[in-house]
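# Sequence and predicted structure, then a few things I'm wondering about:
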Amino acid sequence: TLLKTIARVLTPKEGRVVVSGTVFPMLELGAGFHPDLTGHENMYLYGNILGLSNLEVTRLYDSIVDFSELAEFIHVPLRSYSSGMVARLAFATATAVQPDILLADEILSVGDKNFQDKCMKRMTNYLSNGTTIVFVSHSAESVKKICKQGLWLEHGEIKMAGSAEDVAEAYA
């Protein structure tokens, strides 16, 4: 709910959310993909949903395909992709441009261990280059790797706030 409020998908019932910068929400990887379109076509569709122009997607095309590791399947309809392949394409497309603010909901469970490591490397690179990442995860280890600050929410209430290390340890 918090991420959807920051992404302006939901309006808060009380209080307010102030956002400064470009927000890329990765709330549901592949939301908006169409199963009858190819991976190639879905890259453009998803890129447009994220606010990228077709020209920008074309400019990023090779890097998206390379990162997704789906070159041999890119012209195949999405309905023949595994869920992991869809998530790879979605992650590669959504993270092809470095946003000011990245909203990430449980996204590091994408693909195999090598691909997860590649995703983690991209996220840490974003952090070192100034992107703010609002990261939601039940994995205490992922939180400790990515975050400096932590917030434990339970049923809409703040259970704990502080360093990511402290919050993740208490949650675990």
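Perfect, I can see it now. Numbering: from 1, shown residues only.
# hey, where'd the strands end up in this protein?
Secondary structure of the chain by DSSP state E: the strands cover 23-26, 101-105, 132-136, 149-154, 157-163.
# Burial check on V65, number of neighbours?
Residues lying near V65 (other CB atoms under 10 Å) number 20. Any C-beta I mention is one placed from the backbone N, CA and C, and that applies to glycine too.
# Repeat that for L50.
By other CB under 10 Å, neighbour count at L50 equals 21.
# Next, give phi and psi for it.
Backbone torsions for L50, taken as degrees, to the nearest 10, come to phi -80, psi 0.
# any idea how far it is from A96?
Going from L50 to A96 by CB to CB, to the nearest Å gives 9 Å.
# circling back to that earlier point, ranking the strands of the chain by mean pLDDT, which is last?
The stretch with the lowest mean pLDDT among the strands of the chain is strand 23-26, at a mean of 80.
# so what does that one touch, helix or strand wise?
Applying 3 or more CB pairs under 8 Å, 6 or more residues apart in numbering; DSSP states H and E, we find strand 23-26 packed against helix 2-6, helix 83-94, strand 101-105.
# closest one to V23 among the ones you listed?
Across these, V23 has its closest neighbour in strand 101-105 (4.7 Å, CB to CB).
# starting at the chain centroid, how far to that closest one?
Chain-centre distance of strand 101-105: 5 Å, with CA atoms, centre = their mean, to the nearest Å.
# Helix 83-94 and that one, what's the angle between them?
Between the axes of strand 101-105 and helix 83-94, defined by axes from the mean of the first three to the mean of the last three CA atoms, to 10 degrees, the angle is 170 degrees.
# Can you list the low-confidence ranges for the chain?
The chain contains residues with pLDDT under 70 at 27-30, 107-111.
# in it, which spans are helices?
Counting by DSSP state H, residue ranges of the helices within the chain are 2-6, 39-49, 54-68, 83-94, 113-128, 140-146, 164-171.
# Buried residues of the fifth one, list them for me.
Taking 16 or more other CB atoms under 10 Å as the basis for neighbour counts, the residues of helix 113-128 that come out buried are F115, K118, C119, R122, M123, Y126, L127.
# Could you do the second one as well?
Of all the residues in helix 39-49, those buried under the rule 16+ other CB under 10 Å are G39, H40, E41, N42, M43, Y44, L45, Y46, G47.
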